[in-house]
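K.L.:
quick one, what's the 3D model for this:
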Amino acid sequence: MRADARIGFFLLLTPLVLWLGLLIIIPHIDMLLISLRERISFGVYETSLTNYEKALTEPLYLRTFWRTAIMSILATGITLLIAFPVSYYIAKMARGRLQQVLFMLCLIPFYVSELVRTFGWMILLRETGLISSLLQWAGLADQPVEMLYNDAAMMVGLVYTSMLFMVVPLVTTLESLDDSVVEAGYDLGGNGLSVLREIIIPHAMPGIVSGSIVVFMLSLGNYLTPTMLGGKDSLWFTEMIYNQFIVRSNWELGATFGFMLLVLSSVIVWGMLRLTGRTLQETMG
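P.N.:
Below is the predicted model of the structure:
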């Protein structure tokens, strides 16, 4: 029976090992090796750090790299600020069918693909779109208003695309908060701000951290939303990776950019965990 259990364990583990090995570990190792190659001539390569030197010294590459990181952190913060009160209302204030309806409303946008959702925002924000028409009808604008192809439109798209991935962990965490603990905080002389700071936020911290990690990773690696809503002036690092691989066929520099993005995301996630004093195991449950 012990031998059968061991065989069963390895059989159950095999799909996970194959998934991690073939789709994550091996491709990343290959990407690292490609990034360390320098093309000397057609089909001739040498091991070199030239690609990293180029990526770290070219002002456009560096500016786009740090811009993507900062904008992704900002998108994560905005998503958290919007999602937290929504999640608290769904988890602790809404009851019965209302709670189910509100949670379903958060899910409905994800019934369609990201491409369709992004096109929806383009229809709303374009010069002849609904928002521009309402502004003119209300007398707040005397001509069509173009709200596309800027950082604000891109941020709206990033927050909208990631909202569900912040709401779900927050609702799950806040539902486990006993109402009597919150009532005790008020009974002991606390006000709304102190109860939020001392009771609600510490209890919701696992959901905050896990949701922030997922939203940050989605924003950092997003290609469609920055390209369609941000336009040519809103540079995004994933767009540069795409251009190197697909447009210029420069796999060496594209792999370098990809590995830099991987290191950046890992460092920021590690810093977030250290800042909140949590471990990855605690955060992911």
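K.L.:
can I get stretch 119-132 in CSV? Just the C-alpha atoms.
P.N.:
Extracted C-alpha coordinates of stretch 119-132, given in CSV (Å, rounded to 0.1, in the frame of the first residue of the first chain):
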residue,chain,number,x,y,z
PHE,A,119,-12.4,48.7,-27.5
GLY,A,120,-15.3,49.6,-25.2
TRP,A,121,-13.2,52.2,-23.5
MET,A,122,-12.0,53.5,-26.9
ILE,A,123,-15.6,54.0,-27.9
LEU,A,124,-16.4,55.9,-24.7
LEU,A,125,-13.3,58.1,-24.7
ARG,A,126,-12.8,58.9,-28.4
GLU,A,127,-13.6,62.3,-29.8
THR,A,128,-17.0,61.3,-31.0
GLY,A,129,-17.7,59.0,-28.0
LEU,A,130,-20.4,59.0,-25.4
ILE,A,131,-18.4,61.0,-22.7
SER,A,132,-17.4,63.7,-25.2
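K.L.:
pLDDT of that stretch, averaged?
P.N.:
The average pLDDT within stretch 119-132 is 87.
K.L.:
what lies in contact with it?
P.N.:
With C-beta atoms under 8 Å, 6 or more residues apart in numbering as the test, stretch 119-132 has contacts from Ala141, Pro144, Val145, Glu146, Met147, Leu148, Ala153, Val156, Gly157, Tyr160, Met228, Leu229. Yep, even glycine has a C-beta here, placed from its N, CA and C like the rest.
K.L.:
with stretch 248-267 instead?
P.N.:
28, 31-32, 34-35, 37-39, 45, 51-52, 54-55, 61, 65, 68-69, 216-217, 220-221, 237-238, 240-241, 244-245.
K.L.:
and what of stretch 8-28?
P.N.:
Residues from elsewhere that reach stretch 8-28, judged by C-beta under 8 Å, 6+ apart: Phe259, Leu262.
K.L.:
please indicate which of the contacts of stretch 248-267 are buried?
P.N.:
For the contacts of stretch 248-267, a neighbour count by 16 or more other C-beta atoms under 10 Å gives the buried set as 31, 34-35, 37, 39, 51, 55, 61, 65, 68-69, 216-217, 220-221, 237-238, 240-241, 244-245.
K.L.:
just checking, which of those residues belong to strands?
P.N.:
Of those, the ones assigned to strands by DSSP state E are Arg37, Arg39.
K.L.:
any idea whether Tyr149 is helix, strand or coil?
P.N.:
Going by DSSP: H, G, I helix; E, B strand; the rest coil, the secondary structure assigned to Tyr149 is coil.
K.L.:
quick check: it touching Asp233?
P.N.:
Yes: at 7.0 Å, Tyr149 counts as touching Asp233 under the criterion of C-beta atoms under 8 Å.
K.L.:
contacting residues for Ala55?
P.N.:
Here Ala55 is in contact with Tyr61, Leu62, Phe65, Leu253, Thr256, Phe257, Met260 (C-beta under 8 Å, 6+ apart).
K.L.:
look up how far Gly129 lies from it.
P.N.:
In this view, Ala55 and Gly129 are 38 Å apart by C-beta to C-beta, to the nearest Å.
K.L.:
again with Gly277
P.N.:
45 Å.
K.L.:
if we can go back for a sec, who's more crowded, Tyr149 and Asp233?
P.N.:
Tyr149 (17 against 8; other C-beta atoms under 10 Å).
K.L.:
who touches that one in this structure?
P.N.:
Leu229, Gly230, Gly231, Lys232, Asp233, Ser234.
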